[in-house]
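S.K.: Okay, structure incoming, though there's no sequence with it:
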């Protein structure tokens, strides 16, 4: 395979295997969770990368097949209260997130943290011109929740990944809504090449609880093994071998076994159209099963679930990035580490926001 080097990039952080020692605790049946790999972006980059930024409220949602590729998408209708950046003339807007149930099977896309009906927030939409796996800049990095402090009556802004489980005392450290929007305006007005970070890091400001080693959630494989095809279509032996190493990393540290089957199976195949038996595989692609990756996405893992049983797992790597296989701090994205992270989702692991965690959402 010749992996496209369209967009060279130096990784901002390396994954470390600090969590793998905990994996002997895994039960034989693994469960579905949501987490994936996107590039960590600053708030400046989130603002600059958004075509549309708006404050709004989620009115409703509906899951239906995408008119582009037939995959399940969940479409949310938002009430648009204020356009902060870009142009949108209507009082509502519909935005689609890949995943959901159409027919007998549920498609769960890794790290797809969708909005909730009735939530109020600020949303950084990457583009309005094409369908993407996740429509927000940097996935959850472009998703903020607005809530009202009951004591002060002030509206506060919380990153969606920091929202769950926070006490009202902890919420007091969050910025006020008007100051948050003013920071966005200042970033937009800053001269190119002279921009500075005008927004404080909420990940540091908000109080964190103790990080978990891993999380488990959802459906399980029907047994203690799962077969995954380790030939990545137009990949080469170097990447295929690294993918097998990723499988074996988890085989050596858990009670679950991934069985390596040499050969290629399309990870984008829709199991509603065939089987069982179903199959699992990986590939490099310029899009995610006919849907645009978005500018910050390295790879996406998806699980198809039938009832409470995982039927199929697949991983697609974004070939717009510069990939390599290395054990140090090379300038290209380390395929083996990202593959190990994605296979962890297929095993049943969720994300952990500890900075150096292998299962951290961002690279």
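M.R.: Done, it's in. Remember, predicted model here, so these are calculated numbers, not experimental data.

S.K.: Residue 336 - that's part of a helix, no?
M.R.: Yes. Using DSSP: H, G, I helix; E, B strand; the rest coil, the assignment for residue 336 is a helix.

S.K.: now stretch 100-116, how far from the centre of its chain.
M.R.: Stretch 100-116 sits 12 Å away from the centroid of its parent chain (C-alpha atoms, centre = their mean, to the nearest Å).

S.K.: Give the buried residues for that stretch.
M.R.: 100, 102, 105-115 (16 or more other C-beta atoms under 10 Å). Backbone N, C-alpha and C define where each C-beta goes, glycine included.

S.K.: and what of stretch 247-254?
M.R.: 247, 249-251, 253-254.

S.K.: so what's residue 243 up against?
M.R.: 230, 232, 282, 335-336, 339 (C-beta atoms under 8 Å, 6 or more residues apart in numbering).

S.K.: my read is it is in a helix, agree?
M.R.: Yes. Residue 243 forms part of a helix when assessed by three-state DSSP.

S.K.: Among the buried residues of stretch 100-116, pick out the one closest to residue 121, please.
M.R.: residue 115 (7.0 Å; C-beta to C-beta).

S.K.: Report the secondary structure element holding the closest residue to the closest one other than its chain neighbours.
M.R.: Nearest residue to residue 115 in three dimensions, chain neighbours excluded: residue 58, at 4.8 Å (C-beta to C-beta, 6 or more residues apart in numbering). Residue 58 belongs to strand 52-65 when assigned by DSSP states H and E.

S.K.: Show the subsequent helix or strand relative to that strand.
M.R.: strand 72-85.

S.K.: and after that next one, which helix or strand comes next?
M.R.: Toward the C-terminus from strand 72-85 - assigned by DSSP H and E - lies strand 92-98.

S.K.: Buried residues in that following strand, which are they?
M.R.: Within strand 92-98, the residues that count as buried by 16+ other C-beta under 10 Å are 93, 95-98.

S.K.: Show me the two of those residues that sit farthest apart.
M.R.: Distances among those were taken as C-beta to C-beta; the most separated pair is 93 and 98, at 17.5 Å.

S.K.: related to what we said a few turns ago, so which of the buried residues of stretch 247-254 belong to strands?
M.R.: Under the assignment DSSP state E, the buried residues of stretch 247-254 contribute nothing to strands.

S.K.: Return the closest of the residues you listed with respect to residue 266.
M.R.: Distances from residue 266 to the buried residues of stretch 247-254, taken by C-beta to C-beta, are shortest for residue 247, at 18.2 Å.

S.K.: I'd assumed residue 258 was in contact with that closest one.
M.R.: Yes. Judged on C-beta atoms under 8 Å, residue 247 makes contact with residue 258 at a distance of 4.2 Å.

S.K.: intersection of neighbour lists for these two?
M.R.: With C-beta under 8 Å, 6+ apart, residue 247 and residue 258 have common neighbours 228, 343.

S.K.: What is the neighbour count of residue 146?
M.R.: Residue 146: 19 surrounding residues under other C-beta atoms under 10 Å.

S.K.: Done for today, thanks.
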